[in-house]
Structure formats: structure tokens, C-alpha cells
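Participant: predicted coordinates and the sequence they were generated for:
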Amino acid sequence: MSQKKYKLQKIFDIRIRTLFKNHHIAVDFINGILFYGNAIIHFDDISLADSNLDSHLPIQNITRERERDNIYLVKIDDHECLIGIEHQSQID
């Protein structure tokens, strides 16, 4: 990958990450994708969570540290859930 293309992808990734920090946009996106446009999640039910996660795969005994683009703590029917939005311009 050329240096110029890499820089453009990095700028685009930062802009997408910044866009989804807007709770109104995140709520609309999540409702549209997960709930077919039904207003299940409301603006008051969502907050931005820490985007540094550790994933542990017990079968392989591997722990992966990874930073996600955007992670939200969401309340759905009195249950707290984590929903992540990850933008990828290429496969890891």
C-alpha cells in the first residue's frame, strides 16, 4: 500500500470514528441496522464506553488487546449491553 493511500485511509477512519461519537447518529445507525429502523434505543439510553478491550479465547488460551473505534453502553429493555461500531478499510 502506498504511503499516500495509507494516510487517506487513516484520515477517513478518524472521521468515521469522530462521526459516531455523536450519540444521535449512533442511535439512528444502531436502530436502523439492528432493529430495522424501529426506535428501540433512545438518546438517553446510550453512552460512550471505553474503547480499549481485551478479548480472551479460552480454548486457545490467547488474550488479544485491541482498541475499537466506538463502543457504547446501551440500555435495552432494562438490560445493559455493549455495542461496538468498527470501521475497517482493510481486513486485519
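Facilitator: Yep, that arrived.
Participant: rest of the way, CA atoms for contacts and neighbours
Facilitator: Will do.
Participant: which residues in this structure form strands?
Facilitator: 46-48, 52-57, 62-67, 70-76, 79-85 (DSSP state E).
Participant: the second one - what's its average pLDDT?
Facilitator: Going back to what we said before, that points to strand 52-57. For strand 52-57, mean pLDDT rounds to 57.
Participant: weakest of the strands of the chain in terms of mean pLDDT?
Facilitator: strand 52-57 (a mean of 57).
Participant: surely H87 touches D69?
Facilitator: Yes - if you go by C-alpha atoms under 8 Å, H87 and D69 touch, sitting 6.8 Å apart.
Participant: now for the two: what residues contact both?
Facilitator: R17 (C-alpha atoms under 8 Å, 6 or more residues apart in numbering).
Participant: who's more crowded, the two?
Facilitator: D69 (20 against 14; other C-alpha atoms under 10 Å).
Participant: tell me the pLDDT of D69.
Facilitator: pLDDT, D69: 74.
Participant: measure it to L19 for me?
Facilitator: Distance, D69 to L19, using C-alpha to C-alpha, to the nearest Å: 11 Å.
Participant: and N31, by the same measure?
Facilitator: The spacing between N31 and L19, counted by C-alpha to C-alpha, is 16 Å.
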